[in-house]
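# got a predicted structure here, sequence first:
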Amino acid sequence: MQDLMAQTPPMGWNSWNTFMEDLDEKTLREVAISLKEQGFLEAGYNYFCLDDGWEDKNRHVGQGVDYDKKKFPSGMKAFGDFLHDLGFKFGIYSCAGTLTCCNYPASYGYEYEDAARFAEWGVDLVKYDNCHVPDDANGMFLYRRMGQALRETGRPILYSMCNWGFDASETWARSTGAHIYRIGLDSRDTWENFETVLNSIGKVNLTAYSGASCFADPDFLIAGMNGEGAVSNLGEEIGPNAGYNVYKMQFSLWCMICAPLIMSHDPRKTTSDTKNILLNKELLEVSQDPASIPAYLCKIDKQEETHRSKNTVWAKPLHNGDIVVGLFNRNDRPTIITAAFNSLGWLMSDTVEACDLWEHKSIGVSRGYINAEVPARDCAVFRLRRKK
Ligand code: GAL
């Protein structure tokens, strides 16, 4: 059962960026209803995930970790039932160390009893963090241990490994049974943070280490945060919020590289701009393409591209022979970016029909290459089909 999960990138919502540890059942129920009412559930965002802060401060050994009764007065099982009744899957959080990152009890040494408890509550996803891991512990072994504990529950539980890409985790994530694994630090709502996250993406060989049933995770979508939310711009990277074009860039790239699509804004504050991005049907289809081939970086003008280039061209082959090409401009000025067909597996003499996935229209026929003037810190994404 387990290995049939995550054949395409998982989608959902997580509480962290908006609420941090300040969770309460009443608000979370509103959030879930709002996600459903606004069409996010129907669009595929079906994992509703609690992050850190749901736990009781005391652990009763032998019973598994408990929930905070003040924050969740109806109990975790009832909360899970409520989510299931709405049509969501239920995600929860724990950590491989002795405490979670916010200092609540974590699963180190209690993996089997905690996993059993999660299964009792009807949990469908466990995110497993990496704080307070004892110095002499082997991180890889701890992630394997929780993966094993989850499988032994007999319940299909999606395993979301969050060790921030430490210890070259892309090379062993699959051995733990993880269905998704973080490859870098947290996403925040600023341009500077987005650039940092892009650099972590560039360090992982996605085409070698990400695919069906085990996807690389560059962290949450920030679209719709609009400078709000508890961790919107927490920490060193404080600055103006990233804004519409950057949200659009992040969403496009995440759909192309098969990243999990886990939203993090407050759905009750969703604007029509936010919906334009997160509910872009054509891009969601790209994300959920059954071939699950992550986009690769292309060459531009005979030069090898690197993830640090200011202009990058990403290409994602789809199962039906179409290719999605994304032109990403990291410059602070408009730039013409070109993708040549020979770098995609086609010939320079080939002609293709192109659809603009943000303008939602056909842009006609191109031969040999496709190019566009891309505004500063923005992107253009085309779906191409070769004419035969
Ligand atoms: C971090 C993790 C975040 C969030 C937080 C909770 O380590 O990267 O996504 O889960 O801990 O304390």
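Alright, I've got the coordinates. Just so it is clear, the structure is predicted and the values come from calculations on it, not from any experiment. Residues are numbered from 1 along each chain as shown.
# quick one: Met263 from the ligand, how far?
To the ligand, Met263 is 13 Å away according to C-beta to the nearest ligand atom, to the nearest Å. (C-beta placed from N, C-alpha, C; glycine too.)
# same deal with Cys379?
On the measure of C-beta to the nearest ligand atom, Cys379 and the ligand end up 25 Å apart.
# next, the buried residues of the helix or strand of the chain with the lowest mean pLDDT.
Lowest mean confidence among the helices and strands of the chain (mean pLDDT, DSSP states H and E): helix 191-203, at a mean of 89. Across helix 191-203, burial judged by 16 or more other C-beta atoms under 10 Å covers Trp191, Asn193, Phe194, Thr196, Val197, Leu198, Ser200, Ile201, Gly202.
# could I get the residues you listed in CSV, plus columns for distance to Ala242?
Formatted as CSV, the buried residues of helix 191-203 follow (distance: C-beta to C-beta, whole Å):
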residue, distance to Ala242
Trp191, 5
Asn193, 8
Phe194, 6
Thr196, 12
Val197, 11
Leu198, 12
Ser200, 16
Ile201, 16
Gly202, 19
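# need the residues of the chain near the ligand, please.
Trp16, Asp51, Asp52, Thr100, Cys101, Cys102, Asp129, Cys131, Cys162, Asp186 (C-beta under 6 Å from any ligand atom).
# pretty sure Asn331 is touching Asn311, no?
Yes - assessed by C-beta atoms under 8 Å, Asn331 is found in contact with Asn311 at 6.9 Å.
# what touches both of these two?
Counting by C-beta atoms under 8 Å, 6 or more residues apart in numbering, no residue touches both Asn331 and Asn311.
# quick one: stretch 265-278 to chain centroid distance?
Mean-position distance between stretch 265-278 and its chain equals 17 Å (C-alpha atoms, centre = their mean, to the nearest Å).
# what of stretch 211-223?
3 Å.
# I figured Arg386 hits Gly321, correct?
Yes - contact criterion C-beta under 8 Å: Arg386 and Gly321 qualify, at 7.1 Å.
# ok, those two, which is more surrounded?
Taking neighbours as other C-beta atoms under 10 Å, Arg386 and Gly321 compare with Arg386 leading, 16 against 11.
# read off the pLDDT value for the more buried one.
As predicted, Arg386 sits at a pLDDT of 98.
# likewise for Glu305?
55.
# try Val123
What the model reports as pLDDT for Val123 is 98.
# contact partners of the strand or helix carrying Arg151?
Secondary-structure element containing Arg151, defined by DSSP states H and E: helix 139-152. By C-beta under 8 Å, 6+ apart, the surrounding residues in contact with helix 139-152 are 2, 94, 96, 107-108, 111-112, 114-116, 118, 126, 128, 130, 133, 157, 159, 161, 163, 166-167, 169, 172-173, 175-178.
# can you tell me which of these end up in helices?
Among the contacts of helix 139-152, the residues falling in helices (DSSP state H) are Glu111, Tyr112, Asp114, Ala115, Ala116, Phe118, Ala173, Ser175, Thr176.
# closest point of the chain to the ligand, which residue?
The nearest approach of the chain to the ligand comes at Cys101, 3.1 Å away (C-beta to the nearest ligand atom).
# I'd assumed Val133 was in contact with that residue.
No - in this structure, Cys101 is not within contact of Val133 by C-beta under 8 Å, at 11.0 Å.
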